[in-house]
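Engineer: Sharing a model prediction with you, sequence too.
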Amino acid sequence: MNDIQKEFETLYKEWQELIKSPEIMIHSNTSYYTDLDPYDSIINMGMIVLPLIIGKLRMGEFFMNKAVSSITGLSIKHITTKKYISEQDIAKAWIEWWDKE
């Protein structure tokens, strides 16, 4: 594991611990899960961590959707004309987009 991967995994684990708190878990709005310092730090790592984020999406971590959008500057509307109703569906679209790129 290189230094970038280590930093990413450290931040990811910090973020995972934060979102397990009852204060966060009671909310259905994803911004409560993504508006946290470790998550912002992952985004600030930039394009170099995009493959790692896509890996998390593949494992079902749909809260990483915002990170992909923030890093790429794209919204889901830029990559598909399909209408999505869930974060899980959006994650699938990001994975499909990544696999095509």
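Structural biologist: Noted; the coordinates are in hand. Computed from a prediction, not measured in an experiment: that's the story for all the values here.
Engineer: Report the distance from the helix ranked longest in the chain to the chain centre.
Structural biologist: The single longest helix within the chain, with elements called by DSSP state H, is helix 3-19. On the basis of Cα atoms, centre = their mean, to the nearest Å, the separation between the geometric centre of helix 3-19 and that of its chain is 12 Å.
Engineer: again with stretch 65-78
Structural biologist: The chain centroid and the centroid of stretch 65-78 are separated by 9 Å, computed with Cα atoms, centre = their mean.
Engineer: just stretch 29-43 next, same as before
Structural biologist: When C-alpha coordinates are averaged (Cα atoms, centre = their mean), stretch 29-43 and its chain have centres 9 Å apart.
Engineer: Could you give the separation between the terminal residues of it?
Structural biologist: Stretch 29-43 has its terminal residues 19 Å apart, counting by Cα to Cα, to the nearest Å.
Engineer: So which residue is smack in the middle of this structure?
Structural biologist: The C-alpha lying nearest the average C-alpha coordinate of the chain belongs to residue 64 (Cα atoms, centre = their mean; 1.2 Å).
Engineer: For the closest residue to residue 15 other than its chain neighbours, give its distance to residue 16.
Structural biologist: Of all residues not flanking residue 15 in the chain, residue 38 sits nearest, at 3.9 Å (Cβ to Cβ, 6 or more residues apart in numbering). In short, each C-beta sits where N, CA and C put it, glycine included. Counting by Cβ to Cβ, to the nearest Å, the gap between residue 38 and residue 16 amounts to 9 Å.
Engineer: what's the answer for residue 93, then?
Structural biologist: Between residue 93 and residue 16 the computed distance is 23 Å (Cβ to Cβ).
Engineer: More neighbours: those two, which one.
Structural biologist: residue 93 (17 against 12; other Cβ atoms under 10 Å).
Engineer: from memory the more buried one sits against residue 82, does it?
Structural biologist: Yes: under the criterion of Cβ atoms under 8 Å, residue 93 makes contact with residue 82 at 6.9 Å.
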